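1. My questions are about this predicted structure, shown below with the sequence.
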Amino acid sequence: MFLKKVTLLRDRIPAADQYPFSIPAIQALDSLHFKKPICFFVGENGTGKSTLLEGIAANIGFNPGGGSRSNSFDVGASSTQLEECLRLSWLPKISNGFFFRAETFYHFASYLDKIERNDGNNFRDYGGKSLHEQSHGESFLNLFSNRFHGKAIYLLDEPEAALSPARQLTFLRVIHDLVKQKNVQMIIATHSPILLGYPNAQIYSFDDNEIKEVSYEMTDHYTITKYFLQHREKMLDELFKEDE
């Protein structure tokens, strides 16, 4: 455990009606306490979970487009100023780690290709070859398996985006092996009920216009998926009945 708390400094907010401070969950934020090495952010699209994760990453000094502090490439994303309004409380403070964004992973892979042409030997931490020469799922897993090490903090935005259910289970094993080292912290924004099932993880929900800690069984991801699997025909009948 390295990052203990994130606090929103309200006196630095430029305008309450300005994005992303206008997002209800961000607007209601006081502070978040991280109690376990694995913490998940969950919630509907647009609730602010990825926005807050990006703000934390930028505050640490990670490239907003993804990567570590040493990676520098532009994906054309405009600053939300959220990182300037956050105070991160550490014990101890570290800067090692990585910010993974599924949305901009293509740009990160292209950046690696560019520096590989100039410097060489940069693929050793990514499966030994260009991420563009691997399938989407393979490139994700090779990054997680080879690039992630101990004494670091990892922020991941929708790492399940290119992973099949079986590969998501493989990723859970990667997380487990890293946590066994007892010097890794991960904060993960996800929609995956498989990843959310990681044992003893902390889960923050961004739904209902607030950020609150919930159990796995209280997440919509669990309840909707469970109900669908148990009552598939009934649920589909209800979903499509207006077409009859």
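-> Received the coordinates, thanks. Residues are numbered from 1 along each chain as shown.
2. Could you pull up the mean pLDDT of stretch 137-155?
-> Averaging pLDDT along stretch 137-155 yields 89.
3. What lies in contact with that stretch?
-> Applying C-beta atoms under 8 Å, 6 or more residues apart in numbering, the contact partners of stretch 137-155 are 2-3, 53, 56-57, 60, 62, 94, 96-100, 102, 105, 109, 124-127, 131-132, 134, 159, 161-164, 167, 170-171, 174, 178, 181, 183-188. Placement of C-beta: from N, CA and C, glycine included.
4. how about the worst-scoring helix or strand of the chain on mean pLDDT: buried residues?
-> In the chain, the helix or strand scored least confidently by mean pLDDT, DSSP states H and E is helix 105-119, which has a mean of 76. Buried residues in helix 105-119, counting neighbours by 16 or more other C-beta atoms under 10 Å, are found at F105, H107, F108, A109, Y111, L112.
5. moving C-terminal of that helix, what's the next helix or strand?
-> helix 136-147 (DSSP states H and E).
6. residues of that next one that come out buried?
-> Neighbour count says helix 136-147 has G137, S139, F140, L141, N142, L143, F144, S145, R147 buried, by 16+ other C-beta under 10 Å.
7. quick one: strands adjacent to the helix or strand following that helix?
-> Remark: after helix 136-147, the chain's next helix or strand is strand 152-157, criterion DSSP H and E. Under the criterion DSSP bridges, strand 152-157 sits next to strand 97-101 (parallel), strand 184-189 (parallel) in its sheet.
8. what's the next helix or strand after strand 152-157 packed up against?
-> Remark: after strand 152-157, the chain's next helix or strand is helix 165-179, criterion DSSP H and E. Judged by 3 or more C-beta pairs under 8 Å, 6 or more residues apart in numbering; DSSP states H and E, helix 165-179 is in contact with helix 136-147, strand 184-189, helix 193-196.
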